[in-house]
Structure formats: structure tokens, C-alpha cells
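**Q** Make a model of this:
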Amino acid sequence: MPAILGRPGAPGGGVRQCVPRRGRLEDVAALAAFLVGPSETFITGQSVHVDGGRLLH
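**A** Numbering: from 1, shown residues only. As a prediction, this is how the structure comes out:
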């Protein structure tokens with residue numbers, strides 16, 4: 001079940017998200033390192049959302 005982040009009663013009522021924590025710089029850095037590393041040779045023209053599943057809700 002998705003977590004609800006944010007303050008209860010705040011405008012918007014909190015944010016639903018699959019990963020129950022805030023994103024960190026390391027999350028984006030890990031994706032960047034993967035995309036420029038030797039393991040990745042076949043991904044072209046994609047949008048990758050590093051948002052813990054927030055886009056799904």
C-alpha cells in the first residue's frame with residue numbers, strides 16, 4: 001500500500017507515494033551512474049522518473 005507523505009491536514013492532504021520516504025540525491029546519482037556506465041548500452045530516448053512512484057498516483 002502506498003505511503004502518504006506530508007503533514008496531515010496540510011493543503012493537498014499529503015502525497016501518496018509507493019516508496020515511504022523522501023527522495024535523496026543518491027537516488028538520482030545512482031540512476032545517472034547506471035546510464036553512463038558500461039552496463040547500459042541499449043537505452044535511448046527514454047524519460048526516467050526518479051520519484052518513488054509518486055507519478056503513479
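**Q** going forward, measure contacts and count neighbours with C-alpha atoms only.
**A** Noted.
**Q** pretty sure Gln50 contacts Val28?
**A** Quick fix: residue 50 is Val, not Gln. Yes. Using Cα atoms under 8 Å, Val50 is in contact with Val28, at 6.5 Å.
**Q** Now do Phe42: how many residues are near it, please.
**A** 6 (other Cα atoms under 10 Å).
**Q** how far away is it from Phe34?
**A** 12 Å (Cα to Cα, to the nearest Å).
**Q** Quick check: which element contains Val28?
**A** helix 25-36 (DSSP states H and E).
**Q** Not counting its own residues, what contacts that helix?
**A** With contact meaning Cα atoms under 8 Å, 6 or more residues apart in numbering, helix 25-36 is reached by 40, 50.
**Q** okay, the closest residue to Gly53 other than its chain neighbours: pLDDT?
**A** Computed as Cα to Cα, 6 or more residues apart in numbering, the closest residue to Gly53 that is not its neighbour in sequence is Cys18, at 4.9 Å. You'll see Cys18 listed with a pLDDT of 78.
**Q** before we move on, what about Gly12?
**A** 54.
**Q** same check, this time on Ser39
**A** 82.
**Q** if I've got this straight, it is in a helix?
**A** No. Counting by DSSP: H, G, I helix; E, B strand; the rest coil, one finds Ser39 to be coil, located in no helix.
**Q** what about it, how many neighbours?
**A** 9.
**Q** Arg21 now?
**A** 11.
**Q** Now it: which helix or strand?
**A** Per DSSP H and E, there is no helix or strand for Arg21.
**Q** circling back to that earlier point, can I get the CA coordinates of the helix holding Val28 in CSV?
**A** Extracted C-alpha coordinates of helix 25-36, given in CSV (Å, rounded to 0.1, in the frame of the first residue of the first chain):
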residue,chain,number,x,y,z
LEU,A,25,20.4,12.9,-4.1
GLU,A,26,21.9,9.4,-4.0
ASP,A,27,18.7,8.1,-5.8
VAL,A,28,19.3,10.3,-8.8
ALA,A,29,23.1,9.8,-8.7
ALA,A,30,22.6,6.0,-8.9
LEU,A,31,20.4,6.3,-12.0
ALA,A,32,22.9,8.7,-13.6
ALA,A,33,25.8,6.3,-12.8
PHE,A,34,23.9,3.4,-14.3
LEU,A,35,23.0,5.3,-17.5
VAL,A,36,26.6,6.4,-18.2
